[in-house]
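Enquirer: turn this into a structure:
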Amino acid sequence: MGFLITLALLRKWSLDGYPRQAILALMFTTASWIIGSLTASSPIGFVPVALIGALLLARTRRWRLWIFAFVLSVTAVGTSSFVFHPASWVLAAQYLVLPAVGTLFIVAVILLSEQAWKVVRRLERAQETEAELATARERMRFAGDLHDIQGHSLHIIKLKAALGRRVVYTDPDRADMEFSEIRRLVDETIAETRALTYARYKLNLLAELENTKSLVEAAGVMVEVRFDNAGGDAADPLLAQVLREATTNLLRHARPTLVTISASPISVEVINDGAVDAGGSTLRGLARLRDRVEGAGGVLWIEQSTDKFFVSARIDPERKTAGIEDIR
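Expert: Residues are numbered from 1 along each chain as shown. Predicted structure coming up:
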């Protein structure tokens, strides 16, 4: 019963705290060890109480002092075997030496495991933080590009509007010219903003591959990148956008250990081995991209299994990138 209770308790153990039943389990296993020692019927009865006690003591501040006292207590219980049984070297080895050495060993294993779990938890939190920082950097990059596009144009529009207002009565022709120039600037700004929104503003597949490799490695994930440029043609900007969206998804919604990226001027493929079912929210961006890729004469595949997420896009090289502009 002591071993069964210990196993049930271990299944509920986590770094966030110990279960409420831990104290009751400690009391039960201690009583079991006392009975086993008094009757000299269970020399390994100390194992359950040593496991539970070590798990509890691993969370204390002065764990060295408490562990020393705990080992002495477990060993002291073993001395009760001499109350109803004649002393012998075999009995001493079973109920004194074995409990002392065994408890020390169990405590050491639990402490090492606890520290390893804490390191893993810190690494997971660091990876999550890095992914959030990568997303924030991407947003800042987008905001910077948007500022570069609109800031200068809006400033010129402001100046030309003020000039047109001053000369609207004294020089109507000049005012008409200024207002026409304002309209042209507005049209250009709208077109450039739309291009930025759809991620076609200075987007390059080779540059995106390097950026993706840096981001994924910074998040503590292994990445393999292969690029086949046998044809020597320029890649469609939509492929870079597919790569960017897939990278954003895996950094925000997955817990991969390895990311494999294969690219060429006509295709891109991203596979990560840490897929997490987060609902349809992770696929909305890729679903929008699928419409654009298909409109450009290409195909976008999305496959998700229990532990892998696969994104692949291929665009017909005979279709011109300019055709994408007509869709929007």
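Enquirer: okay, now the nearest residue to residue 207 once chain neighbours are set aside: neighbour count?
Expert: Closest residue in space to residue 207, ignoring its immediate chain neighbours: residue 240 at 7.6 Å, by Cβ to Cβ, 6 or more residues apart in numbering. Just so you know, the C-beta spots here come from the backbone N, C-alpha and C atoms, and that holds for glycine as well. By other Cβ atoms under 10 Å, the residues close to residue 240 number 23.
Enquirer: so for stretch 297-310, what gets flagged as buried?
Expert: Residues 297-298, 300, 302, 309-310 are the ones in stretch 297-310 that count as buried (16 or more other Cβ atoms under 10 Å).
Enquirer: any idea of the mean pLDDT in it?
Expert: In this model, stretch 297-310 has an average pLDDT of 83.
Enquirer: on that earlier part again, switch the buried residues of stretch 297-310 over to a markdown table; also include distance to residue 245 and secondary structure.
Expert: Shown next, in a markdown table, are the buried residues of stretch 297-310 (distance: Cβ to Cβ, whole Å; DSSP: H, G, I helix; E, B strand; the rest coil):
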| residue | distance to residue 245 | secondary structure |
| --- | --- | --- |
| 297 | 19 | coil |
| 298 | 14 | strand |
| 300 | 10 | strand |
| 302 | 11 | strand |
| 309 | 12 | strand |
| 310 | 14 | strand |
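Enquirer: farthest-separated two in the residues you listed?
Expert: 297 and 309 (25.1 Å; Cβ to Cβ).
Enquirer: which elements pack onto whichever helix or strand residue 100 is part of?
Expert: Using DSSP states H and E, residue 100 maps to helix 98-167. With contacts taken as 3 or more Cβ pairs under 8 Å, 6 or more residues apart in numbering; DSSP states H and E, helix 98-167 sits against helix 46-57, helix 63-78, helix 172-197, helix 205-218, helix 237-253.
Enquirer: follow-up on the earlier one: and which of the buried residues of stretch 297-310 is nearest to residue 57?
Expert: The nearest one, if we look at those relative to residue 57 and count by Cβ to Cβ, is residue 309, at 41.5 Å.
Enquirer: how much space separates that closest one from residue 62?
Expert: 46 Å (Cβ to Cβ, to the nearest Å).
Enquirer: one more: residue 95?
Expert: 28 Å.
Enquirer: touching, residue 84 and residue 35? I think so.
Expert: No. Taking contacts as Cβ atoms under 8 Å, residue 84 lies outside contact range of residue 35: 11.8 Å.
Enquirer: so between the two, which is more surrounded?
Expert: Taking neighbours as other Cβ under 10 Å, residue 84 and residue 35 compare with residue 35 leading, 14 against 10.
Enquirer: how about the helix or strand where the more buried one lies: buried residues?
Expert: According to DSSP H and E, residue 35 maps onto helix 22-39. Residues of helix 22-39 classed as buried: 22, 25-26, 28-30, 32-33, 36-37 (neighbour count, 16+ other Cβ under 10 Å).
Enquirer: and if you look at stretch 79-88?
Expert: Buried residues in stretch 79-88 (16+ other Cβ under 10 Å): 80-82.
Enquirer: circling back to that earlier point, neighbour count winner among residue 95 and residue 62?
Expert: residue 95 (26 against 8).
Enquirer: relative to residue 68, how far out is that one?
Expert: For residue 95, the distance to residue 68 (Cβ to Cβ) stands at 19 Å.
Enquirer: now do residue 209
Expert: 56 Å.
Enquirer: what about the two, which has more around it?
Expert: Ranked by neighbour count (other Cβ under 10 Å), residue 209 and residue 68 place residue 209 first, with 19 against 12.
Enquirer: thought residue 228 was touching that one, still the case?
Expert: No. Residue 209 is beyond contact range of residue 228, at 11.8 Å (criterion: Cβ under 8 Å).
Enquirer: between those two, what contacts are shared?
Expert: Counting by Cβ atoms under 8 Å, 6 or more residues apart in numbering, the common neighbours of residue 209 and residue 228 are residue 263.
Enquirer: does residue 249 touch residue 286 like I think?
Expert: Yes. When contacts are counted by Cβ under 8 Å, residue 249 is listed as touching residue 286 (7.1 Å).
Enquirer: higher neighbour count, these two?
Expert: Between residue 249 and residue 286, residue 249 has the larger neighbour count (other Cβ under 10 Å), namely 23 against 18.
Enquirer: now do the more buried one against residue 299, distance only.
Expert: Here residue 249 is placed at a distance of 19 Å from residue 299 (Cβ to Cβ).
Enquirer: repeat that for residue 9.
Expert: Relative to residue 299, residue 9 is positioned 52 Å away (Cβ to Cβ).
Enquirer: same check, this time on residue 24
Expert: 60 Å.
Enquirer: try residue 189
Expert: Counting by Cβ to Cβ - residue 189 and residue 299 are separated by 33 Å.
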